[in-house]
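[1] Provided below are the primary sequence and the corresponding predicted coordinates.
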There are 2 protein chains.
Amino acid sequence: MTSRPDRRSPAMPTVTMIGGGQLARMTHQSAIALGQCLRVLAGSADEPAAQVSANVVLGSHNDLDALRAAAEGAVALTFDHEGVPLHLLQALEAEGVNVRPPSTALHFAQDKLAMRLRLSELGLPIPDFADLSGDSSEARATLIAFGDAHDWQIVLKAVRGGYDGRGVWLTDSRAEALEVFDAQVGGDAVLMVEQKVAMVRELSAMIARSPYGQGAAWPVVETVQRKGQCAVVVAPAPGLSAERAEEAQQMALRLADELGVVGAMAMELFETVDGTLIINELAMRPHNSGHWTMDGAVTSQFEQHLRAVLDYPLGATSARSDVVVMANVLGAEQAPSMSMDERLHHLFARMPEAKVHMYGKGERPDRKIGHVNIVGLAGETITDVRERAERAAHWMSHAEWTDGWDPHAA
Amino acid sequence: MTSRPDRRSPAMPTVTMIGGGQLARMTHQSAIALGQCLRVLAGSADEPAAQVSANVVLGSHNDLDALRAAAEGAVALTFDHEGVPLHLLQALEAEGVNVRPPSTALHFAQDKLAMRLRLSELGLPIPDFADLSGDSSEARATLIAFGDAHDWQIVLKAVRGGYDGRGVWLTDSRAEALEVFDAQVGGDAVLMVEQKVAMVRELSAMIARSPYGQGAAWPVVETVQRKGQCAVVVAPAPGLSAERAEEAQQMALRLADELGVVGAMAMELFETVDGTLIINELAMRPHNSGHWTMDGAVTSQFEQHLRAVLDYPLGATSARSDVVVMANVLGAEQAPSMSMDERLHHLFARMPEAKVHMYGKGERPDRKIGHVNIVGLAGETITDVRERAERAAHWMSHAEWTDGWDPHAA
């Protein structure tokens, strides 16, 4: 071996992600490809991302000193969740930390009421809503008027902190709604109320935006919710017209631009019974509705999120196949007799094409602990691909295999 | 949030990889998807895999205690390179470590003479060769007789330790050959000699084999060598007949079976001027000729290697596209004016579909520091896809962009 000078390249940039969950875990996989190592602020060493990254800062996302330590020397600070208090982000920004998305944008992902008001100003389609954040007896009167106006087909929401069905209450009667209101407001929650939209299905428009202003949209997908959280994603959304799909993408891109979003963003939508689109929720980070991109799109949402926060040009967002289906692996109610390792073994024996992504999480009932992607082959129908994806995820959750497994009966 | 019992799954298995290079780095990406964290034995914390894995043991692969520490509690021990002395692997096996591939198989990847003798016994097609490992004056006489018989169109090889063109000398004359022989044998190298095969191109048949005996073969690829190392891989090999491709796959699968290989294996082949196949080299690990699978096949070689060493059922090996091209990013002769980060930025601006894999390595002339995969779109020609892949890699290596870039002139 000849002796030649080893010219160390100027180091590749370090990105810090706040939160050590599965989104950070999967972002780390993409960071590796880009020549980086994701730095993670995690609450403990056994969090999904902390298990796998060589660069972990242990601490709380509520502690400014921990946030500062995690940001030290990083070219950008980004997020695995929306839980970092806004005033801490503002403090970091004041100290020169490159927070992406910036606090001015993230504010709208953290505060559902602010988001609704902003969407309303922009003339974007949203459900009828009312603010219940003020004085509790006035708010109670507002709720009663709103409920009466909507036949009590309403949704109560916590303005802050909800996710995966938490902080959202679908109610069907005045009594039920007031019970939730009294319990939550008594417990210091800040609420808002929305009409329950008569919808045929839920969609998600995922995009990414860079500080330079470049935007890129993946195909719009259909999301299937069970027990208040995403269970299945079908890409692209079956039967959605090109016009509606483009309308959804344009709304997401426009909103990201208006709010100054940087990174991946999911706009969750309702497709109503009369065929229009209504905006439900926003997330300014990689999102469950984008997990299919890991195996099914040219650029995954995790690579794209890093490219966006680094202000790299964005990657191609086209799908690799006419149909891709993602199904979440959920923790089972009862401890299955098989370990996760054994379940994986059995799944692989049955479906050599299944792409499995496990998060390194302990199993709790209905907890998202992984997902399976099935990328359809030429000529396969959506029904076939979806059936396989759901069967694979059901197996991983329950260690029981049903050949005639009907996901719609679940 | 309700309080529910957190049933920690029995931990997912730990696999240890000896060597902290790019193969371990990319294997770690696949380990993450399988719910694991790859444990790496690395010589230093700045090796490519040590930069990114949370489970690093620092030490030498020549040190039995370091190997023991790395193997502790792992369900399998596998390799990023072929450099671990065989007696140390045998010692680990005697202590109950699950070495995969086992020393009995790895022996043939470490010792080119033993491999040639075994291939010969099995009746597999190999170049004419002679053993120069004995007494040096007898070996010199053997070399002269072999050289005369082959018009001095011969290749001298170190029996152990060569890679990427190191330990291989192509000579064209008696004087040149004897000069290499005298210098190397004087320097204690053990040599063998082979005829130079009159070939039209090089191919690689990559397969994987599990302890259970399952085998799986990826499409056979064409490899393009420059300066003695792999520069470009075209998948599948253009114009290769289905019969020849199957012959190559079957030879690789049969050999893996005969040798008891576990994990990924590359069989490098010559396609001769008369259209037959001759076996050149073997590697019992993920291999440069399989990097295209990361973006271009249903199962990447890194996931497959893990599945094999864990005795999981193997994954589907079909290509995602009619043509996929990989091009290595090499360190430039002169330090380019742009940092690697800036080069990446510019590449992404020009080719949003390029899949880049950087290894976190310092730049030295011709050192493999990354690779680019281009997955062809429907209707794209091999020429188009290859041109883009080579142009992308050239850009990353040289920070200079040539629109009319002719890879064949390189």
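    Right, received. Where do you want to start? Residues are numbered from 1 along each chain as shown, chains lettered A, B, ... in the order given.
[2] now A:Leu268. Its backbone dihedrals?
    Actually, residue A:268 is Glu. It isn't Leu. Backbone torsions of A:Glu268, given as degrees, to the nearest 10, read phi -90, psi 130.
[3] near it, how many other residues are there?
    20 (other CB atoms under 10 Å in any protein chain shown). For the C-beta atoms, the positions are set from N, CA and C on the backbone; glycine is no exception.
[4] what about A:Ala31, distance to chain B?
    To chain B, A:Ala31 is 8 Å away according to CB to the nearest CB, to the nearest Å.
[5] in the stretch 1-150 of chain A, what residue comes closest to chain B?
    The minimum distance from the stretch 1-150 of chain A to chain B, using CB to the nearest CB, falls at A:Gly35 (3.0 Å).
[6] gap between that residue and A:Met206?
    Distance of A:Gly35 to A:Met206, computed by CB to CB, to the nearest Å: 25 Å.
[7] more neighbours: which of those two?
    In this view A:Gly35 and A:Met206 are compared by other CB under 10 Å, and A:Met206 has more residues nearby, 31 against 25.
[8] show me what from the stretch 201-350 of chain A comes close to chain B.
    Counting by CB under 8 Å from any CB of the partner chain, the positions of the stretch 201-350 of chain A adjacent to chain B are A:298-299, A:307, A:312-316, A:320, A:331, A:335, A:339-341, A:344-345, A:348-349.
[9] just the buried subset of those residues, please.
    Neighbour counting with 16 or more other CB atoms under 10 Å in any protein chain shown marks A:298-299, A:307, A:312-315, A:320, A:331, A:339-341, A:344-345, A:348 as buried within those.
[10] and the furthest pair within the residues you listed?
    Longest distance between any two of these is 43.4 Å, between A:Pro313 and A:Ser339; criterion CB to CB.
[11] quick one: contacts for the residue in the stretch 251-400 of chain A that chain B sits nearest to?
    For the stretch 251-400 of chain A and chain B, the shortest gap (CB to the nearest CB) falls at A:Met358, measuring 3.0 Å. The contact partners of A:Met358, by CB atoms under 8 Å, 6 or more residues apart in numbering or on different chains, come to A:329, A:340, A:344, A:369-370, B:12, B:33-35.
[12] which one of those is nearest A:Glu390?
    A:Val329 (10.9 Å).
[13] show the pLDDT at the residue nearest to A:Val375 when sequence neighbours are not counted.
    Leaving aside its sequence neighbours, A:Val375 sits nearest to A:Ser321 (CB to CB, 6 or more residues apart in numbering or on different chains; 4.7 Å). Listed pLDDT for A:Ser321 reads 95.
[14] before we move on, what about A:Glu82?
    pLDDT, A:Glu82: 91.
[15] now it: how far from A:Leu23?
    A:Glu82 is 11 Å from A:Leu23, by CB to CB.
[16] the more surrounded of those two?
    A:Leu23 (28 against 20).
[17] how far away is the residue nearest to the spatial centre of chain A from A:Gln29?
    Nearest to the mean C-alpha position of chain A, counting by CA atoms, centre = their mean, stands A:His287 at 2.3 Å. Noted for A:His287: a distance of 16 Å to A:Gln29, by CB to CB.
[18] now swap in A:Ala264 and tell me
    Taken as CB to CB, the span from A:Ala264 to A:Gln29 is 15 Å.
[19] same drill for the two, tell me which one is more crowded.
    Using other CB under 10 Å as the criterion, A:Ala264 and A:Gln29 rank with A:Ala264 on top: 33 against 22.
[20] so A:Pro238 is in contact with A:Ile382, correct?
    Yes - under the criterion of CB atoms under 8 Å, A:Pro238 makes contact with A:Ile382 at 5.2 Å.
[21] between the two, which is the more surrounded one?
    The neighbour comparison of A:Pro238 against A:Ile382 (other CB under 10 Å) goes to A:Ile382, with 18 against 14.
[22] let's see the pLDDT reported for that one.
    pLDDT, read off for A:Ile382, is 96.
[23] report the contact partners of it.
    A:234, A:238, A:323, A:325, A:376.
[24] any of these buried? List them.
    A:234, A:323, A:325, A:376.
[25] could you measure from the residue nearest to the second one when sequence neighbours are not counted over to A:Thr293?
    Beyond its immediate neighbours in the sequence, the residue positioned closest to A:Val323 (CB to CB, 6+ apart) is A:Gly376, lying 3.9 Å away. Between A:Gly376 and A:Thr293 the computed distance is 15 Å (CB to CB).
[26] next: A:Lys157.
    Counting by CB to CB - A:Lys157 and A:Thr293 are separated by 28 Å.
[27] same question, A:Val15
    On the measure of CB to CB, A:Val15 and A:Thr293 end up 19 Å apart.
[28] the two: who's more crowded?
    Taking other CB under 10 Å, A:Val15 and A:Thr293 do not tie; A:Thr293 has more neighbours (30 against 26).
[29] quick one, phi psi at the more buried one?
    A:Thr293 has phi and psi values of phi -70, psi -20 when expressed as degrees, to the nearest 10.
[30] surely the residue nearest to the centre of chain A is in contact with A:Ala264?
    Yes - between A:His287 and A:Ala264 there is a contact at 6.8 Å, judged by CB under 8 Å.
[31] overlap in contacts of these two?
    A:206, A:301.
[32] what ranges do the helices span in the stretch 151-300 of chain A?
    A:174-186, A:242-259, A:293-296 (DSSP state H, counting those that start in this stretch).
[33] list the contacts of the first one.
    Outside of helix A:174-186, the residues within contact range by CB under 8 Å, 6+ apart are A:132, A:136, A:139-140, A:143-144, A:147-148, A:152, A:154, A:156, A:158, A:169, A:171, A:191, A:193.
[34] and it, which residues are buried?
    Neighbour count says helix A:174-186 has A:176-178, A:180-181, A:184-185 buried, by 16+ other CB under 10 Å.
[35] low pLDDT regions in chain A?
    A:1-10, A:162-165, A:401-410 (pLDDT under 70).
[36] so A:Met338 sits against A:Glu400, correct?
    No - using CB under 8 Å, A:Met338 makes no contact with A:Glu400, being 9.3 Å away.
[37] the more surrounded of the two?
    A:Met338 (17 against 13).
[38] quick check: A:Gly331 vs A:Phe348, distance?
    Distance from A:Gly331 to A:Phe348, by CB to CB: 20 Å.
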